[in-house]
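1. 3D, please:
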Amino acid sequence: MDKAALISMFITFVMSNDVLKYEPANQRTVESSGVPKFCHKLACPAFEVIKTTKEYEEREYAATEWVSTQQTNMDYEKASYTMFERLFKYIKGANEKKKPIKMTCPVVNRIIPGAGPACESNFTMSFFVAPIQKPAPAPTDPSVFLNNAPRFTAYVRQFSGYAMTYDVWRDQAVALAKALKVDGVEFRTDMYWTAGYDSPFELFNRHNEVWFLGKNENLSL
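-> The predicted structure follows:
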């Protein structure tokens, strides 16, 4: 990948975050195709909204396929940069068919926090594989792998603005956890997911999400 292009893509990592605002479901719109507008007409995983509150949605996702990579690193930004580069190379042709693949959304990142401030966290970043792309070609990079996700239920908090630092995602995850506890919802507290839907060059109307899974759910993404 061209280094200058990659640097430009990630220049927002050093930008100041704009105001992050919770985005209630009733303020979102859906395209005539049924795809949420925040997917920007890109392929994105199908889900059904089971419940909506002022703080989060409960969604049931269909079984999906993803391409993933992992990184253990105390620095969220560095880990995210490395993982995104690997996955971007895959969709640009670093696969057994040497076939470019259209970008999809969201880019999801599973975060398993370390036990303390000096402990490393574990990250898994994934790109959604659209049904039209199946069977997805195998990656040529051994650190990248295809990943099947079963049907799963997620509790999702949505918010706008730039979300490029660990602190931003963590604060939104904390807000979601508090809302779920108030409602008596049992969920997994050992990990959470971030989901970004926008190019770094999209300045306005950005859409971000944090996910928690139900207590007995498991997801390798």
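2. Residue 42 - nearest residue in space that isn't next to it in sequence?
-> Using C-beta to C-beta, 6 or more residues apart in numbering and skipping residues adjacent in sequence, the residue nearest residue 42 is residue 105, 4.8 Å away. Bear in mind the C-beta positions are built from the backbone N, C-alpha and C, glycine included.
3. How many neighbouring residues does that neighbour have?
-> If you count neighbours by other C-beta atoms under 10 Å, residue 105 ends up with 22.
4. My guess is it contacts residue 39. True?
-> Yes - between residue 105 and residue 39 a contact is recorded at 5.6 Å, counting by C-beta atoms under 8 Å.
5. shared neighbours of these two, anything?
-> residue 197 (C-beta atoms under 8 Å, 6 or more residues apart in numbering).
6. Quick one: residues contacting the residue nearest to residue 42.
-> Residue 105 makes contacts with 39, 40, 42, 43, 44, 128, 196, 197, 198, as judged by C-beta under 8 Å, 6+ apart.
7. which one in the residues you listed is the model shakiest on?
-> Ranked by pLDDT, the contacts of residue 105 bottom out at residue 40 (87).
8. contacting residues around the residue of the chain most remote from its centre?
-> Most distant from the centre of the chain: residue 97, at 25.8 Å, with distances by C-alpha atoms, centre = their mean. Remark: with contacts taken as C-beta under 8 Å, 6+ apart, residue 97 is in contact with residue 137.
9. Before I go, just wanted to say thanks for your time.
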